[in-house]
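Peer 1: sequence and predicted structure are below.
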Amino acid sequence: MKCRQFYFTLRRSGLAMLMLLSLAFSAAAMPQQAAKAGFDSYNYGNLKPGSSSQATFTFTVAASISTSVTTLDQFGYAFSIVSDGCTGFSGDGSCNVVVSFTPPFSGYFSAILQFSYLNETEQNAQIYLFGKGSIGASLVCAASVSPDRSLKVATETVVGATFKVKNQGISGSFDQYLEMPFDATLIPAYTSFSDPGMWVSSSEGGKLKIALPSLGAGATFSGTVFFRLNPENMPVAGKELSFNYYVLYSTNALPARDIAWDSSSILLFREESTVTGTCYSNTVKVSFTDGNRDETVGKVMPMTPGETAVTAGTQVTVAGDMFIAGELFSAWITAPNGQSVALAGGRADANGVGSLTVDTTGLAAGSYVIAIYGHDSEITGRTILTVK
């Protein structure tokens with residue numbers, strides 16, 4: 001394990017910890033929660049350095065108060081008070097403080113949000129705030145195939161399986177390789193790679209292994225493996241071929257770790273270590289049905305149902321299984337006059353299926369193109385609905 005570790009200490013004033021306030025906090029996509037009196041904590045989770053998340057903290061008092069003040073005790077500038085409705089608050093009831101977390105770099109961050117006031121005695125409540133600036137590679141693996149419509153059962157047939165690997169993380173990946181399984185009816189013929197650092201290290205057991213160079217943050221590499229038909233195991237008409245792959249890689253990351261506290265200081269850990277990850281591509285398919293026919297070099301793939309006719313007012317569900325599991329997709333419908341209207345997008349499911357239901361109520365007669373575009377796979381699923 002490669003490790004670099006740094007320790008930061010921040011002294012804080014010793015105020016009487018009389019837990020007489022109640023706390024509540026909420027954040028985006030999170031329901032309001034009631035917290036116990038006294039010390040409590042809130043974790044902002046993992047954010048990319050430079051990105052932000054806000055949380056609202058509600059302090060409630062049951063008696064009339066005066067001289068109230070909110071303080072934020074921290075190391076560095078990861079946390080900031082966006083709005084403070086509690087400093088100068090008087091009377092009884094509730095007040096809110098909104099705190100933003102913006103990690104300036106990768107590491108662990110913490111702070112203490114404190115609300116103090118005078119009644120008969122000085123009283124205060126504290127919330128420990130935690131957050132982490134993420135680090136490491138985040139690979140997206142996309143696959144496509146050409147010809148993309150059909151193949152011919154013939155010795156001259158060549159089919160290309162293309163891979164594209166993008167690093168959407170904030171640091172590089174390294175010590176990595178790609179594995180691509182292939183059907184027994186195929187034989188690897190030749191390759192085309194975008195980087196001279198790629199090379200085929202083995203081809204056995206129905207699996208091709210390709211050594212990959214390091215990939216920096218924001219970088220992309222790609223390649224195509226071309227297959228010929230196996231003369232000793234020729235496919236039969238109607239057979240479907242599937243292509244996908246996965247990349248095993250190493251990257252720097254921040255391991256899970258508790259932040260240590262004592263009565264007088266905040267201890268902030270920042271540690272980097274080498275971890276491994278796996279990136280799985282989408283699956284693309286093509287069948288031996290109608291000769292070697294390619295329309296879009298794998299950029300547009302057919303969905304189900306295929307071209308079909310429906311009566312106006314019918315609801316039709318269209319789906320494509322060529323997407324990356326969990327990826328976001330956009331969708332639209334194009335009318336016979338060429339005008340397109342956006343439809344509700346969504347996410348592909350765990351099997352890489354993106355689907356939507358189209359309501360044809362009110363559509364004029366004619367042929368409409370329904371399309372779904374995967375933001376990571378960069379593939380468009382397409383089908384045609386003819387409204388009668």
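Peer 2: Done, it's in.

Peer 1: show me the shaky parts of this structure.
Peer 2: For the chain, the stretches with pLDDT under 70 are 1-39, 75-76, 120-121, 255-272.

Peer 1: distance of the nearest residue to T304 once chain neighbours are set aside relative to A143?
Peer 2: In this structure, T304 finds its nearest non-sequential neighbour in A319, 5.7 Å apart by C-beta to C-beta, 6 or more residues apart in numbering. In this view, the C-beta of every residue, glycine as well, is placed from N, C-alpha and C. With distances taken as C-beta to C-beta, to the nearest Å, A319 is found 18 Å from A143.

Peer 1: then S53?
Peer 2: Applying C-beta to C-beta, the value for S53 to A143 is 33 Å.

Peer 1: the two: which is more packed in?
Peer 2: A143 (23 against 17; other C-beta atoms under 10 Å).

Peer 1: just the buried residues of stretch 206-224, please?
Peer 2: In terms of neighbour count (16 or more other C-beta atoms under 10 Å), stretch 206-224 has its buried residues at 208, 210, 212-215, 221-224.

Peer 1: can you put the residues you listed in TSV and add secondary structure and distance to N43?
Peer 2: Listed next are the buried residues of stretch 206-224 as TSV, based on DSSP: H, G, I helix; E, B strand; the rest coil; distance: C-beta to C-beta, whole Å:
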residue	secondary structure	distance to N43
L208	strand	43
I210	strand	39
L212	strand	35
P213	coil	36
S214	coil	32
L215	strand	30
F221	strand	36
S222	strand	38
G223	strand	41
T224	strand	44
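
Peer 1: and which of these is nearest to T71?
Peer 2: Nearest to T71 among the buried residues of stretch 206-224: L215, at 44.2 Å, using C-beta to C-beta.

Peer 1: for that closest one, list each beta-bridge partner.
Peer 2: Going by DSSP bridges, L215 is paired in beta bridges with S173.

Peer 1: OK, contacts around it?
Peer 2: By C-beta atoms under 8 Å, 6 or more residues apart in numbering, L215 lies in contact with 137, 139, 165, 167, 172-174, 176, 221, 249.

Peer 1: before we move on, the earlier item: for the residue nearest to T304, give me its contacts.
Peer 2: The neighbours of A319, taking C-beta under 8 Å, 6+ apart as the test, are 303-304, 353-355, 381.

Peer 1: now those residues as TSV including secondary structure, neighbour count and distance to S41?
Peer 2: Below are these laid out as TSV (DSSP: H, G, I helix; E, B strand; the rest coil; neighbours: other C-beta atoms under 10 Å; distance: C-beta to C-beta, whole Å):
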residue	secondary structure	neighbour count	distance to S41
M303	coil	22	47
T304	strand	14	49
V353	coil	16	39
G354	strand	28	39
S355	strand	19	40
G381	strand	27	45
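
Peer 1: tell me the two of the residues you listed that are most distant?
Peer 2: Within the contacts of A319, two members stand farthest from each other by C-beta to C-beta: T304 and G354, at 11.5 Å.

Peer 1: shared neighbours of these two, anything?
Peer 2: Joint contacts of T304 and G354 (C-beta under 8 Å, 6+ apart) are 319-320.

Peer 1: distance of D294 from V145?
Peer 2: D294 sits at a distance of 9 Å from V145 (criterion: C-beta to C-beta).

Peer 1: what about V297, which SS state?
Peer 2: coil (DSSP: H, G, I helix; E, B strand; the rest coil).

Peer 1: spatially nearest residue to it (excluding sequence neighbours)?
Peer 2: S146 (4.7 Å).

Peer 1: that neighbour contacts G298, doesn't it?
Peer 2: Yes: here S146 reaches G298: they are 4.9 Å apart, a contact under C-beta atoms under 8 Å.

Peer 1: neighbour count winner among those two?
Peer 2: Neighbour count, other C-beta under 10 Å: between S146 and G298, G298 has more, with 25 against 21.

Peer 1: what residues are bridge-paired with the residue lying closest to the more buried one once chain neighbours are set aside?
Peer 2: Among residues not flanking G298 along the chain, S144 sits closest, at 3.2 Å (C-beta to C-beta, 6+ apart). Here S144 shows beta-bridge partners T162, assigned using DSSP bridges.
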